[in-house]
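Peer 1: Next come a sequence and a model predicted from it.
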Amino acid sequence: MGTNDLTVCRTMGFADLTEAGTAPYNIVYQLWDNGVATVNTDDNGLGYFDLVVAAAKAAGVKLVVPLVNNWSDYGGMDVYVQQLGGTYHDDFYTDETIKAAYKSYVETFVTRYADEETIMAWELCNECRCAGSGTLAESGSCNTTTLTDWMTEMSAYIKTLDSNHLVASGSEGFMNTDSSVYLYSGPSGVDFDANLAIDSIDYGTYHAYPDSWGVDTSEAESWGVQWIDDHAASGVTAGKPVILEEYGVTSLDSATYLAWSDEVLAKESNMQYWQFGVASLDTTDDGYTIYDTDALFTTAISTVAAQFAALSGTSTGSTATTTTTTASSVDDDASASTSTATTTTTTDAPATTTAATTSTTTTDTSSATVTDAPATTTAATTTAASTAASSATSTDETTTGSDSTTATTSTTSTTGAEASASSTSEDTTAGSDSTTTATTTGSDATTTSTTTTTTTTTDAPAATASATTTTDAPAATTATPTATSATTTDTASDKCSVRRRRA
């Protein structure tokens, strides 16, 4: 992916199962048995995620990591609810015992990588909603306040564990501005503006799947343009970057993709597409997959990524001082492997907006491809370039939109995760070689974005012991602490997804 200006990867940090994963990887991050959760730190658990991090580090790729799935793929929220005696899917957001269990897992996972510079951002969830895959019903009392309160609590909690990295919601970005239009009526408890306003949320995420959301096919292109405009405007109002973190149309229409990426560029925003597939590997095709051998990959992904890089003055191999990063994400699934790539590019943008273009590939295994990795794993890479930086600061971080920071390009390969790409940013921190920051707006766009940030960090708080039982695990890779604030500029990003329920 590095050759396609893709340098950030969104890889899923969850595999919450009640039995061992599926061969050949048997990946499980958290094993549940009769209400007891054990975080697996062995080679088929977080030890495997260590390989993902190591591969990303070696390739210069930054990672965005969601920590639980709204959907039943790779376990998800319903496993927590069922194991701990809950009744409804949305008990995950309100039941104190269930929230404590999620915090325990988050503590183990996040503190393991709190000083790892390869991590760009943590996401609270993948597509949080009041409703899930249908395994459990919705209570009927869940609303936008329910999810906003949960995001406020959990994002603040992560900040107490890790002051070095950005935090985002991972939400689809439904609006809550017009009750007469479904996607603008706060559906399933999602309120993009309210979520973006949370102090401990550093940037906004939104997705775009008109095919699955009831948008007439003939209106998908124009609908997407308006969707991008509305979220970009919210980012300006909030003074935070936003990224179109996932997007896709099942027809794989290049005209639609290009119209969206053009709009992201025009709005100096960010995007990443769902999802990138490698033709030579076992990649799950969910109808949105764009393979590296497809003509669409050249016209709507790599070409657009290069366009963003050119506008920002950075591209793969460039020595410019602006940050070049792209992200790809991977879903953690023990049985299949897919890869995703994201490309982000940015143009001069107002300080409050950012844009990223990413393409993602996912694997159904929970790890990233590494040197000498099994043939079934796939790699995801993204590259982003940015010029004018807009800054987004998070708790305990200071950022400056300086262009003086060194440019970083990252390429990651991951497997075993559902992937979406996101934009990244570059920053320099006191006492460290590099820090991770993210610029994001939108989702499944085909361009990439980068950001430059200067951050000052203090020693990250010592990790507290996790309440969950863990098994012996290989030592986690370490990296210089980095500040969690990012300066970003407009970018566009593409996103790919694997086997995800869309409703």
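Peer 2: Perfect, thanks for sending it. Residues are numbered from 1 along each chain as shown.

Peer 1: Show me which positions of stretch 9-19 end up buried.
Peer 2: By 16 or more other C-beta atoms under 10 Å, the buried positions in stretch 9-19 come out as 9, 10, 11, 12, 13, 14, 15, 16, 17. No exception for glycine: its C-beta is placed from N, CA and C like everyone else's.

Peer 1: ditto for stretch 236-253
Peer 2: Within stretch 236-253, the residues scored as buried using 16+ other C-beta under 10 Å are 236, 238, 240-249, 252.

Peer 1: same check, this time on stretch 216-228
Peer 2: Buried residues in stretch 216-228, counted by 16+ other C-beta under 10 Å: 220, 221, 223, 224, 225, 227, 228.

Peer 1: Residues touching stretch 135-149, excluding its own?
Peer 2: Under the criterion C-beta atoms under 8 Å, 6 or more residues apart in numbering, residues 72, 78, 81-82, 86-91, 93-94, 128-132, 171, 176, 186, 188-191, 194-195, 198 lie in contact with stretch 135-149.

Peer 1: Return it as PDB; C-alpha atoms alone will do.
Peer 2: What follows is stretch 135-149, C-alpha atoms only, in PDB (Å, rounded to 0.1, in the frame of the first residue of the first chain):
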ATOM      1  CA  THR A 135     -29.200 -11.600  18.500                       C
ATOM      2  CA  LEU A 136     -30.700  -9.400  21.300                       C
ATOM      3  CA  ALA A 137     -33.500  -6.900  21.000                       C
ATOM      4  CA  GLU A 138     -33.400  -3.200  21.700                       C
ATOM      5  CA  SER A 139     -34.900  -2.100  25.000                       C
ATOM      6  CA  GLY A 140     -36.900   0.800  23.500                       C
ATOM      7  CA  SER A 141     -35.600   3.200  26.000                       C
ATOM      8  CA  CYS A 142     -32.200   3.800  24.300                       C
ATOM      9  CA  ASN A 143     -31.800   7.200  22.700                       C
ATOM     10  CA  THR A 144     -29.100   9.700  21.700                       C
ATOM     11  CA  THR A 145     -28.500  10.600  25.400                       C
ATOM     12  CA  THR A 146     -27.800   7.000  26.100                       C
ATOM     13  CA  LEU A 147     -25.000   6.700  23.600                       C
ATOM     14  CA  THR A 148     -23.600  10.200  24.200                       C
ATOM     15  CA  ASP A 149     -23.300   9.600  27.900                       C
END
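
Peer 1: Residue 274 contacts residue 249, correct?
Peer 2: No - counting by C-beta atoms under 8 Å, residue 274 stays clear of residue 249, with 10.5 Å between them.

Peer 1: Spell out the residue ranges of the helices in this structure.
Peer 2: Listed in chain order, the helices of the chain (DSSP state H) span 46-59, 77-83, 91-94, 96-112, 144-161, 192-196, 220-238, 254-266, 295-296, 303-312.

Peer 1: which of these sits most buried?
Peer 2: helix 303-312 (a mean of 28; mean count of other C-beta atoms under 10 Å).

Peer 1: Could you tell me the angle between that one and helix 254-266?
Peer 2: Here the directions of helix 303-312 and helix 254-266 differ by 20 degrees (axes from the mean of the first three to the mean of the last three C-alpha atoms, to 10 degrees).

Peer 1: what packs against helix 303-312?
Peer 2: Applying 3 or more C-beta pairs under 8 Å, 6 or more residues apart in numbering; DSSP states H and E, we find helix 303-312 packed against helix 254-266, strand 344-347, strand 384-385, strand 490-492.

Peer 1: Need phi/psi at residue 171.
Peer 2: Dihedral pair for residue 171: phi -80, psi 160, per degrees, to the nearest 10.

Peer 1: need the contact list for it.
Peer 2: Contacts here follow C-beta under 8 Å, 6+ apart; on that basis residue 171 touches 125, 127, 128, 147, 151, 190, 192, 195, 205, 206.

Peer 1: Neighbours of the first one, how many?
Peer 2: Taking other C-beta atoms under 10 Å as the neighbour definition, residue 125 ends up with a count of 25.

Peer 1: if we can go back for a sec, with distance to residue 100 and pLDDT as added columns, please give the buried residues of stretch 216-228 in a markdown table.
Peer 2: Putting these into a markdown table (distance: C-beta to C-beta, whole Å; pLDDT from 0 to 100) gives the following:
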| residue | distance to residue 100 | pLDDT |
| --- | --- | --- |
| 220 | 42 | 94 |
| 221 | 45 | 95 |
| 223 | 40 | 96 |
| 224 | 39 | 96 |
| 225 | 43 | 97 |
| 227 | 36 | 97 |
| 228 | 38 | 96 |
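
Peer 1: Among those residues, find me the one that's closest to residue 34.
Peer 2: Residue 34 lies nearest to residue 227 out of the buried residues of stretch 216-228, by C-beta to C-beta, at 44.0 Å.

Peer 1: The closest one against residue 208, yeah?
Peer 2: Yes - counting by C-beta under 8 Å, residue 227 does reach residue 208; the two are 5.6 Å apart.

Peer 1: any low-confidence regions in the chain?
Peer 2: Within the chain, the segments meeting pLDDT under 70 span 1-4, 23-24, 252, 282-284, 312-503.

Peer 1: again, 80 this time
Peer 2: For the chain, the stretches flagged by pLDDT under 80 are 1-7, 21-25, 251-253, 269-273, 275-286, 307-503.

Peer 1: Relative to residue 303, which of the buried residues of stretch 9-19 is nearest.
Peer 2: Distances from residue 303 to the buried residues of stretch 9-19, taken by C-beta to C-beta, are shortest for residue 9, at 20.2 Å.

Peer 1: bridging residues for that closest one?
Peer 2: Note on residue 9: beta-bridge partners residue 63, residue 328, judged by DSSP bridges.

Peer 1: Surely it touches residue 59?
Peer 2: No - counting by C-beta under 8 Å, residue 9 sits too far from residue 59 to count as a contact (9.1 Å).

Peer 1: For stretch 199-207, could you pull out the residues that count as buried?
Peer 2: So for stretch 199-207, counting by 16+ other C-beta under 10 Å, buried means 200, 201, 202, 203, 204, 205, 206, 207.

Peer 1: Excluding sequence neighbours, find me the nearest residue to the first one.
Peer 2: Put plainly, it is residue 200. Spatial nearest neighbour of residue 200, chain neighbours left out: residue 155 (3.9 Å); criterion: C-beta to C-beta, 6 or more residues apart in numbering.

Peer 1: same deal with the fourth one?
Peer 2: What sits nearest to residue 203 in space, not counting adjacent residues and going by C-beta to C-beta, 6+ apart, is residue 241, at 4.2 Å.

Peer 1: Looks like the one you found contacts residue 205 (just checking).
Peer 2: No - counting by C-beta under 8 Å, residue 241 stays clear of residue 205, with 9.9 Å between them.

Peer 1: Now do residue 70 against residue 170, distance only.
Peer 2: Here the distance between residue 70 and residue 170 works out to 9 Å (C-beta to C-beta, to the nearest Å).

Peer 1: what residues are shared contacts of those two?
Peer 2: Counting by C-beta under 8 Å, 6+ apart, the shared contacts of residue 70 and residue 170 are 125, 126, 127, 128.

Peer 1: Brilliant, that's me finished.
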